Each structure stands twice: as C-alpha cells, then as structure tokens.
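In: Next come a sequence and a model predicted from it.
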Amino acid sequence: QVQPVESGGGLVQAGGSLRLSCTASGGTFSRSAMGWFRQAPGKEREFVAAIAAISWSGGSTIYADSVKGRFTISRDNVKNTAYLQMNSLKPEDTAVYYCAARRFGAGSSGSLDYDYWGPGTQVTVSS
C-alpha cells in the first residue's frame, strides 16, 4: 500500500512559483502512476496533472487545460517522490492540493482511478 504525503504548500504572490512534493512510503512507487488534484473552497475536487510509471509509457504526462504551460509534473523513483512545479501562479490556483497514487502504471485524470491519497497541502496565491 502506497501512502503519499504532500509538502511545499504556502502563500505566494500572483506570478510567483511553488514546488510541491509528494513522498510515498510503502508499496512500489515506481510502478504507480501519480496524480495531483486540487480543491478550492466551495468547489469540487479537480484534476491538475498526472504522470505514468516509467515502465508503462516512459512516464508520460497529462495536464488540465487550466495549468498547461504553467505547471510541470515529474517524478524521482529513487526518492519515491513526485513533484509539481507551479509557475506563473494566479489567485484562481488557490486550493488544497492533493497527491494521489494509483495501483496501475497508467496516468489518469479521473479521481476515482486513484487508490491512495495524501492529506493535502494548502496553496494560497494572493493578488
């Protein structure tokens, strides 16, 4: 069983950058697709980005249209860690960001496809 834990959230001004980390203990991280989701107050949880296992499709990535070109997802299988580099942040990016792990190697934008979730980390972007 993979247990993800997020870190790196905080308060940043619009136009700034943050890097979120997701360290997963247990299970086989390298075989798991990893995803980032976010939930703003009063809104449903939404997909942000996902990365497949290296063995599945070379670690292919997918992004929500709202973050494409600004956010980059990556993974380090030696450190059992996935990252979300967020640049050009906007106030509408303010949310709790969740990391999720999937038992399968294929990345997915569907939250129901993920099996293990972290507790979340708050990202606040001020205008």
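Out: Noted; the coordinates are in hand. Remember, it's a predicted structure, so these values are computed and weren't measured experimentally.

In: quick one: contacts for the most far-flung residue of the chain relative to its centre?
Out: For the chain, the largest distance from the centre (CA atoms, centre = their mean) belongs to S127, which lies 23.1 Å off. Applying CB atoms under 8 Å, 6 or more residues apart in numbering to S127 gives the contacts A14, P91. C-beta here means a position set from N, CA and C on the backbone, and glycine is covered the same way.

In: same check, this time on A50
Out: A33, M34, G35, W36, T61, I62, I73, G107, S108, S109.

In: 7 Å instead, please
Out: A50 is in contact with A33, M34, G35, T61, I62, I73, G107, S108, S109, counting by CB atoms under 7 Å, 6 or more residues apart in numbering.

In: Before we move on, what's the pLDDT of the fifth one?
Out: If I follow you right, that is I62. Reading off the confidence values, I62 has pLDDT 98.

In: From Q13, how far out is the residue farthest from the centre of the chain?
Out: Noted for S127: a distance of 8 Å to Q13, by CB to CB, to the nearest Å.

In: For T61, give its distance to L18.
Out: Distance of T61 to L18, given as CB to CB: 18 Å.

In: ok, these two, which is more surrounded?
Out: Counted by other CB atoms under 10 Å, T61 and L18 do not tie: L18 has more neighbours, with 21 against 16.

In: pLDDT score assigned to that one?
Out: 98.
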